[in-house]
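Enquirer: predicted model, plus sequence, below.
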Amino acid sequence: MKVLAINPGSTSTKVGLFEDGKLLWDHTDRFDSDVIGKFATIADQKDFRREGIEKIMADHGVALSDVDAFVGRGGLLRPMLSGTYDVNDAMLDDLKSDRYGRHAANLGGQLAKDLAAKGGCNRAYIVDPVVVDEMMDVARITGLPDVPRRSVFHALNQKAICRRAAADMGKRFDQCRMIVAHMGGGITVGAHENGRVIDVSNGLDGEGPFSPERAGSLPSGPLIDLAMSGQYTRAQLAKMIAGKGGLVAHLDTNDLREVERRIASGDKKAQAVYEAMAYNVAKEIGARAVALNGQVDAVVLTGGLAHSAKFCDLIVSRVSFIAPVKIYPGEDELQALADGAFRVLKGEETAKTYGA
Ligand SMILES: Nc1ncnc2c1ncn2[C@@H]1O[C@H](COP(=O)(O)OP(=O)(O)O)[C@@H](O)[C@H]1O
Ligand SMILES: CCCC(=O)OP(=O)(O)O
């Protein structure tokens, strides 16, 4: 059985073809920001991205009709449990309208559905979307009833890496207590208790550590002053929180390797911001240790930033008192998507229904 996994990012579309669980090939289409920037909405990018995927498939000699199921990264939807979901009309409505927020991942389910219809298999899924919500109730309440917390995080990679770390420790995923820090363009830190993410920093709404391109949590007083200053539109403020915050705001780059080059050439500002980002990640890991009552089997660092031993060392030096630290650089979201689809195709799991 063949599955095509589709991971739309803000500046790329990653696709991978899998046969019986194994990767046959993968490919990344990268786009300049001016190419993507010309589309007014995320949904407007769909045909452009679909044509790109069809070309990649044709280049690999694969027809749409050769594929048994299409699976896309799940975007901003209503909160839901972890698992594999059929892409249905209710889901498509919410994804197309950006009802729960704008993110390139909103295209995953739409592209899977279009390609599955065109290829004739009509099997389209999403797996562990960014809105997987397993938070314990005590973690939802803030000091303002109108501003509760919501779970928005790198659920797909956090859960996949947690499964891998558990296997490497010879334990069952659903019997582990781990803290996972996904550190990419955005950073989220989750407390995993026996397979459930009971608390996690929201990676899009301005919580947790700042990251290469997100502002993270900010003091609310000065933030109100900034928002009311008349200097910025709502859209500009939203972009400062997610897109142009973090390293981009301080150093005008979202590339940690560039920051490390600047540090090596003596740039003190770059050094200070770099150390602060690591400190903020470590502090968030400490908060998740509290969520797990201090009983933690492992702290896991993953995502693109985890390729940097220097950056990881700064975090490890502050958190190793909590539990052993395991490092899995990069992400394996295509494999995690394919695994979710194969679990359904093989009858190991039943696809869940959105909106029911
Ligand atoms: N070898 C490396 N050393 C240091 N930083 C790296 C390395 N590889 C990637 N990164 C950094 O990881 C970040 C991107 O992470 P990634 O997980 O690819 O992000 P996303 O998928 O969210 O776009 C960038 O800041 C990039 O510079
Ligand atoms: C935290 C929600 C998902 C997200 O932000 O993903 P990216 O970091 O890949 O944009």
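Expert: In hand now; what should we look at? Ligands and ions are numbered 1, 2, ... in the order given.

Enquirer: contacts, neighbours, all on C-alpha from now
Expert: Fine.

Enquirer: what comes up buried for the helix or strand encompassing Cys162?
Expert: Assessed by DSSP states H and E, Cys162 sits inside helix 155-168. Neighbour-count burial for helix 155-168 flags 155-166 (criterion: 16 or more other Cα atoms under 10 Å).

Enquirer: and the helix or strand of the chain with the lowest mean pLDDT, what does it pack against?
Expert: None of the helices or strands of the chain scores lower by mean pLDDT, DSSP states H and E than helix 33-37, at a mean of 77. For helix 33-37, there is no helix or strand it packs on, judged by 3 or more Cα pairs under 8 Å, 6 or more residues apart in numbering; DSSP states H and E.

Enquirer: buried stuff in the longest helix anywhere in the chain?
Expert: In terms of residue count, the longest helix belonging to the chain (DSSP state H) is helix 268-291. For helix 268-291, the neighbour count (16+ other Cα under 10 Å) marks 270, 273-274, 277-289, 291 as buried.

Enquirer: can you give me the helices for the stretch 201-350 of the chain?
Expert: 220-228, 234-241, 247-251, 256-264, 268-291, 309-319, 333-345 (DSSP state H, counting those that start in this stretch).

Enquirer: which residues of the chain lie near ligand 2?
Expert: Proximity of the chain to ligand 2 (Cα under 6 Å from any ligand atom) is limited to residues 130, 152-154, 184-186, 203-204.

Enquirer: reformat the residues you listed as a markdown table; add distance to Asn88 and neighbour count.
Expert: Below are the residues of the chain next to ligand 2 laid out as a markdown table (distance: Cα to Cα, whole Å; neighbours: other Cα atoms under 10 Å):
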| residue | distance to Asn88 | neighbour count |
| --- | --- | --- |
| Val130 | 17 | 27 |
| Val152 | 21 | 22 |
| Phe153 | 22 | 24 |
| His154 | 22 | 27 |
| Gly184 | 30 | 22 |
| Gly185 | 30 | 21 |
| Gly186 | 28 | 23 |
| Gly203 | 26 | 28 |
| Leu204 | 25 | 24 |
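
Enquirer: circling back to that earlier point, lowest average pLDDT across the helices of the stretch 201-350 of the chain?
Expert: Mean pLDDT is lowest for helix 234-241 out of the helices of the stretch 201-350 of the chain, coming in at a mean of 93.

Enquirer: can you list the domain ranges for the protein.
Expert: 1-132+332-351, 154-327 (the TED database).

Enquirer: near ligand 1, which residues of the protein are found?
Expert: 184-186, 212, 254-257, 303-305, 307-308, 330.

Enquirer: out of those residues, who's the most crowded?
Expert: Pro212 (28 neighbours; other Cα atoms under 10 Å).

Enquirer: does that one touch Gly246 like I think?
Expert: Yes. Here Pro212 reaches Gly246: they are 5.2 Å apart, a contact under Cα atoms under 8 Å.

Enquirer: rewinding a little: quick one: strands adjacent to the next helix or strand after the helix holding Cys162?
Expert: Of the helices and strands lying after helix 155-168 in sequence (DSSP H and E), the nearest is strand 177-183. Strands adjacent to strand 177-183 in the sheet, as given by DSSP bridges, are strand 187-193 (antiparallel), strand 298-303 (parallel).

Enquirer: turn the ones you listed into TSV, columns for mean pLDDT.
Expert: What follows is the strands paired with strand 177-183, written out as TSV (pLDDT from 0 to 100):
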stretch	mean pLDDT
strand 187-193	98
strand 298-303	98
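
Enquirer: and those strands: which comes nearest Gly9?
Expert: strand 298-303 (14.0 Å; Cα to Cα).

Enquirer: just give me the residue closest to the centre of the protein.
Expert: The chain has His154 as the residue nearest its centroid, 3.0 Å off, counting by Cα atoms, centre = their mean.
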